[in-house]
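S.K.: Compute the structure for the input listed below.
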Amino acid sequence: TSEASDPNSNAVCLVPGYGACGLINLGNTCYANSGWQCMSYLPLLRAYLLSGQFKVNGDINKDNPLGTGGRILEEFSELLHFMWSAKYGARAPQKFRSFLAKCRSQYSGADQQDAQELLNDMFDMLHEDGNRVKTKPYVEALEDKFIE
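M.R.: Numbers count the residues shown, from 1 in each chain. Predicted coordinates for the structure are as follows:
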């Protein structure tokens, strides 16, 4: 098999430069790879995760029942470190995909999924893991008297 199709490949980056690392398809994961690549090009998100500020500033909310205990922040940060290290031409995101499948079972199989839904799930998990509000206040529902 060629290096590009080998999921265990740590191909050397032939085009040196940060962010020049591709993600190797693991079955039918091109929708996810393209979504993660797009997310990696969001300057503020990338800088925040690569700098490790979320660890230093205490931004990880491990107790949020809507989050992943901070793991998605940590795992996605690790994936970005590989992608932006300028050391790899292509990398298989096996560890990150495996963790994502534990959090969201719809991504565990080899079925094609919708990239927009993946992005929505990713941003939601990142938001909940980084949500600094530890105790959410109760907000009463508004009454709609217009219908009466």
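S.K.: How much space separates the spatially most central residue of the chain from F146?
M.R.: In the chain, the C-alpha nearest the mean C-alpha coordinate belongs to F76, at 4.5 Å (CA atoms, centre = their mean). In this structure, F76 and F146 are 43 Å apart, going by CB to CB, to the nearest Å. C-betas here are computed from N, CA, C, even on glycine.
S.K.: what's the answer for H127, then?
M.R.: When distances are taken as CB to CB, H127 and F146 turn out to be 32 Å apart.
S.K.: Next, the distance between the ends of stretch 101-108.
M.R.: Using CA to CA, to the nearest Å, the span of stretch 101-108 from its first residue to its last is 4 Å.
S.K.: Need the nearest residue in space to T29, chain neighbours excluded.
M.R.: Ranked by CB to CB, 6 or more residues apart in numbering and with sequence neighbours excluded, the top spatial neighbour of T29 is R97, at 6.5 Å.
S.K.: Let's see the pLDDT reported for the closest residue to I24 other than its chain neighbours.
M.R.: The shortest distance from I24 to any non-neighbouring residue, by CB to CB, 6+ apart, is to A92 (4.2 Å). Reading off the per-residue confidence, A92 sits at a pLDDT of 90.
S.K.: Student question: in the chain, what's the helix or strand with minimum average pLDDT?
M.R.: Confidence across the helices and strands of the chain bottoms out at strand 90-91, with a mean of 86, counting by mean pLDDT, DSSP states H and E.
S.K.: Which strands or helices does it pack on?
M.R.: Contact partners of strand 90-91 among helices and strands, from 3 or more CB pairs under 8 Å, 6 or more residues apart in numbering; DSSP states H and E: strand 22-23.
S.K.: which strands and helices sit next to the strand it packs on?
M.R.: Packed against strand 22-23 by the contact rule (3+ CB pairs under 8 Å, 6+ apart) you find helix 30-40, strand 90-91.
S.K.: L126 and N120: what is the separation?
M.R.: Looking at L126 against N120, where the rule is CB to CB, the gap reads 11 Å.
S.K.: out of these two, which sits in the busier spot?
M.R.: When neighbours are counted by other CB atoms under 10 Å, L126 comes out ahead of the other of L126 and N120, with 21 against 12.
S.K.: Please look at the more buried one and L73 and confirm they touch.
M.R.: Yes - with contact defined as CB atoms under 8 Å, L126 counts as touching L73 (6.2 Å).
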